[in-house]
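A.B. asks: Here's a sequence, model it:
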Amino acid sequence: MTVTEPAAERLVRIGEVARGAGVSVRAVRYYEQQGLLMAERSPSGQRLYRQDAVTLVRFFQQMFAAGLTSRRITELLPCLDSGHTDAEQRAMLRAERDRIQAKVDDLQAALDRLDEVIAITETHP
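C.D. replies: The predicted structure follows:
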């Protein structure tokens, strides 16, 4: 029986990350500048990312849409990577969750009101 080394992880170019995540190349560069994403360089200087970069960029997009800053997202990454947190990190995670839930509740209330207006307009053409 022969033991083989695991195949080297295939790295992907910046354009592939951007397309896969549905963002611009500029956004991927921004995430790198903010320390959210790490790139290796090819011999010709091209940025190369791990394949999980697409998933990470989608996560960043979700967190930005929820109102988190790049600094806050940077604080979240160790929790995401290791699955371990300390009491301060857990408190921060819960506070962000509560803040996002309040936004969801506000949006749901707005949606309910719009549904009421739509219902009224449908009964009075």
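
A.B. asks: got any ranges where the chain has weak pLDDT?
C.D. replies: Low-confidence segments of the chain, defined by pLDDT under 70, span residues 1-8, 125.

A.B. asks: biggest helix in it, by residue count?
C.D. replies: For the chain, the helix with the greatest residue count under DSSP state H is helix 87-123.

A.B. asks: gap between that one and the chain center?
C.D. replies: 20 Å (Cα atoms, centre = their mean, to the nearest Å).

A.B. asks: Pull out the buried positions in it.
C.D. replies: By neighbour count on 16 or more other Cβ atoms under 10 Å, the buried set for helix 87-123 is 92, 96. (C-beta placed from N, C-alpha, C; glycine too.)

A.B. asks: Please report how far the most centrally placed residue in the chain lies from residue 111.
C.D. replies: With distances taken as Cα atoms, centre = their mean, residue 59 lies nearest the centre of the chain, 1.6 Å away. Residue 59 is 25 Å from residue 111, where distance means Cβ to Cβ, to the nearest Å.

A.B. asks: Could you do residue 20 as well?
C.D. replies: Distance from residue 20 to residue 111, by Cβ to Cβ: 30 Å.
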